[in-house]
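Enquirer: coordinates for the following, if possible.
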Amino acid sequence: MIGVLITLAVVAVVAYCVLKNYYPPFVLLLAGFVMLICAAFYGQMPVAEGKSTGFFGFDLHQAFTSLMAGRLPGLGLNIMMIAGFSVYMDRIGASKALVKLCVKPLSAIRSPYILLAVTYVIGQFMALFINSAVGLGLLLMASIYPLLVALGVSRASAAAVIGSTCCLDLGPASSNAMRAADLLGTDVVTYFVQSQIPVALCVVATVAVGHFFVQRWFDARDAKKGVSRNAAEAQDLEKAFEGAGPSYYALLPMLPLVLLIIFSPMVYADVKLSLQTGIMVSIMIAFIVDLLTHRGFKDACERTKAVFEGMGKVFTSTVGLICCAELFALGMNKLGGVSTLISAAASMENAGVWVMLFVMLGIMVVATVVTGSGNAAFFAFSPLLPEAAASVGINAAVLAVPVQLSAGLARTMCPIAGVIIAVAGIAGLTPFEIVRRTVPVMLLALIVNVAASAAFL
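Expert: Numbers count the residues shown, from 1 in each chain. The predicted structure is shown next:
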């Protein structure tokens, strides 16, 4: 019980620091060290005896470096490769070409709230290929946002929908999906097709319908209060798509997903293709297409620098945060606070399955809102899922899928999430003005997420 109380106190302090704009990775790192020190008083040392340096102070840091060493070669490199590819697609104009292709039909929809719902669905589809929530949000703010506002949608409604277009981490290129597949002992394409898609289709439909009614209700309420609707902004889609590549460039961001599906156990098992290799092949194909299109070898080579710039940027923004969050989770585990909750749920016989599910969902949602990152939260606490599932005698997928998807849903409710901050800045709103409109939709999505997982998995 003491471990639970210490854990809650540390989480409260971390939440306060993050909300006050302290640098989240180092706050989590320090919090992890504090909990490891507390755990040491109860005989739970930071590292196993065989890995000990012989001095407790060094062992604390050894725990972190061991996490880094284990994470960087595998999933850490996957995340950096995906980010590098995504930035390269943006640099050569392929991302804008894809967005231009997808949003063009939206201009034919004249009902503003139907347009909102369709915008979310199309944005979630594009998130399969544009893996950065912030990057996708910025592209949509530059392209579809002016159209939404011009049709009479309030700035807050438009920003709320655009900020939630990447609320589900789906597909083989999602780092959270890769982590979940690894925990379930399957390949990421099989996990995507057999586990994610049935649940995600239900959640996507729920979010689309939810935005239709929730945003309309908020706009009507604001109108009754005398809050003036924002004047329509001039559409300048040509400027929004300035720098977009030719229309066939829209196919380039899809290459990794297509290759991974084709060369997977579900389609063609004789050739094995890893995510990292698939991305490298996609980069080379994109380079050749870019070279043949612009016929400038030096400039084409220069644009590939974006790959390595993207890898470095995501290391500082995501991979480092994930490693610090994992140390934070290690401290929580050593203290026994989380294991106490799991043991309590496991002891509840028939109700234990549901209690366990809600315990893990609660941990994931709180961790995501505190850190502002669905990746950091899921990587930190996902190792608990197999143990939690085994303790109540259920298939690990029944826990893994809803918990993994809940991380993205919770990020959309977080005012310190990068995509919410970026969208709010462009719309001229505060992040809290946006999340008050996303929270009701995401809570509904969380309920459907659990129900669909129970029905299909």
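
Enquirer: quick one: which helix or strand includes residue 453?
Expert: Counting by DSSP states H and E, the element that carries residue 453 is helix 431-456.

Enquirer: elements contacting that helix?
Expert: Packed against helix 431-456 by the contact rule (3 or more Cβ pairs under 8 Å, 6 or more residues apart in numbering; DSSP states H and E) you find helix 155-163, helix 197-224, helix 352-371, helix 396-411, helix 418-427. (Glycine included, C-beta is placed from N, CA and C.)

Enquirer: out of these, nearest to residue 101?
Expert: Distances from residue 101 to each of the helices and strands packed on helix 431-456 were compared by Cβ to Cβ, and the smallest falls on helix 155-163, at 17.5 Å.

Enquirer: residues making contact with that closest one?
Expert: If you take Cβ atoms under 8 Å, 6 or more residues apart in numbering as the criterion, helix 155-163 is touched by 116, 119-120, 123, 137, 140-141, 144-145, 148-149, 211, 215-216, 218-219, 230, 412, 419-420, 423-424, 426-429, 433-434, 437-438, 441.

Enquirer: what's the angle between it and helix 418-427?
Expert: For the pair helix 155-163 and helix 418-427, the angle between their directions (axes from the mean of the first three to the mean of the last three Cα atoms, to 10 degrees) equals 150 degrees.

Enquirer: ok, then the element right after helix 155-163?
Expert: Helices and strands here follow DSSP H and E; after helix 155-163, the next one along the chain is helix 175-184.

Enquirer: and that next one, average pLDDT?
Expert: Within the predicted structure, the mean pLDDT of helix 175-184 is 86.

Enquirer: now the helix or strand following that helix: buried residues?
Expert: Scanning forward in sequence from helix 175-184, with DSSP H and E defining helices and strands, the next element found is helix 188-190. Buried residues in helix 188-190, counted by 16 or more other Cβ atoms under 10 Å: 188-189.

Enquirer: now do helix 188-190: which elements does it pack against?
Expert: Counting contacts by 3+ Cβ pairs under 8 Å, 6+ apart, helix 188-190 is packed against helix 175-184, helix 255-262.

Enquirer: how about a markdown table for those, with mean neighbour count added?
Expert: Shown next, in a markdown table, are those (neighbours: other Cβ atoms under 10 Å):
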| stretch | mean neighbour count |
| --- | --- |
| helix 175-184 | 23 |
| helix 255-262 | 19 |
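
Enquirer: a markdown table please, covering these and showing distance to residue 24.
Expert: Conversion of the helices and strands packed on helix 188-190 to a markdown table gives the following (distance: least, Cβ to Cβ, whole Å):
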| stretch | distance to residue 24 |
| --- | --- |
| helix 175-184 | 17 |
| helix 255-262 | 29 |
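
Enquirer: select, out of the ones you listed, the one closest to residue 92.
Expert: helix 255-262 (12.6 Å).

Enquirer: is residue 416 in a helix, a strand, or coil?
Expert: At residue 416 the chain is in coil, as set by DSSP: H, G, I helix; E, B strand; the rest coil.

Enquirer: so where do the helices sit in the stretch 1-150 of the chain?
Expert: 2-19, 24-40, 56-71, 77-91, 94-103, 112-126, 133-150 (DSSP state H, counting those that start in this stretch).

Enquirer: dump these to CSV, plus mean neighbour count, distance to residue 297 and mean pLDDT.
Expert: Output for the helices of the stretch 1-150 of the chain, formatted as CSV (neighbours: other Cβ atoms under 10 Å; distance: least, Cβ to Cβ, whole Å; pLDDT from 0 to 100):
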stretch, mean neighbour count, distance to residue 297, mean pLDDT
helix 2-19, 16, 46, 81
helix 24-40, 21, 39, 87
helix 56-71, 16, 37, 83
helix 77-91, 24, 16, 84
helix 94-103, 23, 19, 81
helix 112-126, 20, 31, 89
helix 133-150, 23, 27, 78
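
Enquirer: need the ones you listed in JSON lines (columns: distance to residue 368).
Expert: Putting these into JSON lines (distance: least, Cβ to Cβ, whole Å) gives the following:
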{"stretch": "helix 2-19", "distance to residue 368": "11"}
{"stretch": "helix 24-40", "distance to residue 368": "12"}
{"stretch": "helix 56-71", "distance to residue 368": "19"}
{"stretch": "helix 77-91", "distance to residue 368": "17"}
{"stretch": "helix 94-103", "distance to residue 368": "25"}
{"stretch": "helix 112-126", "distance to residue 368": "18"}
{"stretch": "helix 133-150", "distance to residue 368": "12"}
